[in-house]
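S.K.: predicted coordinates and the sequence they were generated for:
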Amino acid sequence: METTVVHFSGMQVMLMIALCAIAVLVPVWAIRRIARAVPPVYQVPGIPSGVGGLLLFTIVLLIVEAVNALYHFGRAAGEAARVISMSTDYLWPVAQTLIPDFAASFFLLIAIGALVFGRSSVALGAAVVWAFVRDTPSSVGLPELKTGKAAPADAKPHTKAEEKAEHKAFLRRKVFLNPTIWIIAVGNFFVYIVRFAVLDWGRGVWTYHNTWYWGSGNGTVEGRPFGFNIGYGFGDTSAASENMLFYDGTAHKLEQLTFLIPQKDGKDDFMSPWKFTSSDGRFEMDFIPVLDRASCTNVGIICSDQHQVFGYFNGTARLDDGTVLKIENLLGFAEKVYNKW
């Protein structure tokens, strides 16, 4: 009778614990992400409100199957490596035995990724760009970056100590002693204390074919933080609008707004002065455009025609208590976007 004792180093034990944690946390993270992004197929008690029971059940099954397929693929790969190490003549026959498990693992992971990330066009588009659109200096007509002085043809390879010293010298000269980087860093620090922003957060299922109007601006009025978020066209807003004023930390609800975009030759003239008016008379603004960030993507069944115009708001805004604020040259934006996707 033989006894085999297997010893694991501390690093190996930590690696196994980390892998186990990843195997648990990744499915949980995926399900939580779907819970925020996907409308319910049908409501099930105990299931997060944003996930239909059918979709959640499908995701869980796919994850279980993917883990099982990866386990079998790992075992088969280990056996294949042992056989190939004895004779390379078995390379192709053994490799063929790995194809089914590899294909199962690959397509299950693709299915999970499509359900998790495919709900977000931004995430899916970013993944495609990251995978297939990697610009290099030469691909856009620029010279390649120089990593250092060109070494003579007969120069000996650098030792690790020399490479380490050269790397430290590069960091010291180009990073730590670079005045441009320090100016940007200090400026970025102070930006955090003086800037303002309005967070726009929405959750819903948009129609395939729609046109939305959206605007926002923020700054200070009479020495206090002020901002607004206005818009319509995202869905049925007859019960409640998406229009709000924010002044000195307090939100003030507005009723329906209308974007009055000037026309020229029967088309929207985005760079001429706009007007904004509200049904309750509490938001009356003129808008002077400065820049039209226009973008149009049209491939037939998918279309997005965007005009996001930046400029200055001037007018009045009335708070819930009747206080009228005079708005002068408040930087913001307003947009009209036609979508078909």
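M.R.: Now that the structure is in, tell me what you want to look at. Bear in mind the structure is a predicted one, so any value in this text is a computation, not a measurement. Numbers count the residues shown, from 1 in each chain.

S.K.: relative to E328, how far out is the residue lying closest to A197 once chain neighbours are set aside?
M.R.: In space, and not counting its chain neighbours, A197 is closest to N218: 6.1 Å by CB to CB, 6 or more residues apart in numbering. Placement of C-beta: from N, CA and C, glycine included. Distance, N218 to E328, using CB to CB, to the nearest Å: 14 Å.

S.K.: more neighbours: which of those two?
M.R.: Higher neighbour count among N218 and E328: N218, with 18 against 10, using other CB atoms under 10 Å.

S.K.: tell me what D268 is bridged to.
M.R.: Beta bridges link D268 to Q263, judged by DSSP bridges.

S.K.: that one: neighbour count?
M.R.: So D268, with other CB under 10 Å, has 13 neighbours.

S.K.: is it true that it touches H307?
M.R.: Yes. Under the criterion of CB atoms under 8 Å, D268 makes contact with H307 at 7.2 Å.

S.K.: and for those two, which residues touch both?
M.R.: Residues touching both D268 and H307 (CB atoms under 8 Å, 6 or more residues apart in numbering) are K336.

S.K.: which residues touch the residue nearest to A197?
M.R.: Going by CB under 8 Å, 6+ apart, N218 touches F196, A197, V198, P225, F226, G227, F228, F246, L330, G332.

S.K.: which of the three states applies to the nearest residue to N314 once chain neighbours are set aside?
M.R.: Counting by CB to CB, 6+ apart, D286 is the residue found nearest to N314 once chain neighbours are left out, at 5.0 Å. Secondary structure, DSSP: H, G, I helix; E, B strand; the rest coil: D286 is strand.

S.K.: state the distance from the closest residue to G215 other than its chain neighbours to A76.
M.R.: Among residues not flanking G215 along the chain, A334 sits closest, at 3.6 Å (CB to CB, 6+ apart). A334 is 59 Å from A76, where distance means CB to CB.

S.K.: more neighbours, those two?
M.R.: A334 (25 against 17).

S.K.: which residues does that one contact?
M.R.: Contacts for A334 (CB under 8 Å, 6+ apart) come out as Y213, W214, G215, F259, W274, F276, F287, Q308, V309, G311.

S.K.: paired strands for the strand or helix carrying it, with orientation please.
M.R.: In the assignment (DSSP states H and E), A334 maps to strand 324-340. Sheet pairing of strand 324-340 (DSSP bridges) gives strand 209-221 (antiparallel), strand 303-318 (antiparallel).

S.K.: right, so of those strands, which gets closest to H167?
M.R.: With CB to CB as the measure, strand 303-318 is the member of the strands paired with strand 324-340 nearest H167 (42.4 Å).

S.K.: show me which residues of the closest one are buried.
M.R.: H307, Q308, V309, F310, G311, Y312, F313, G315, A317, R318 (16 or more other CB atoms under 10 Å).

S.K.: do the same with stretch 209-217
M.R.: Across stretch 209-217, burial judged by 16+ other CB under 10 Å covers Y213, W214, G215, S216, G217.

S.K.: adding pLDDT, write these out as CSV.
M.R.: Shown next, in CSV, are the buried residues of stretch 209-217 (pLDDT from 0 to 100):
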residue, pLDDT
Y213, 95
W214, 94
G215, 96
S216, 95
G217, 94
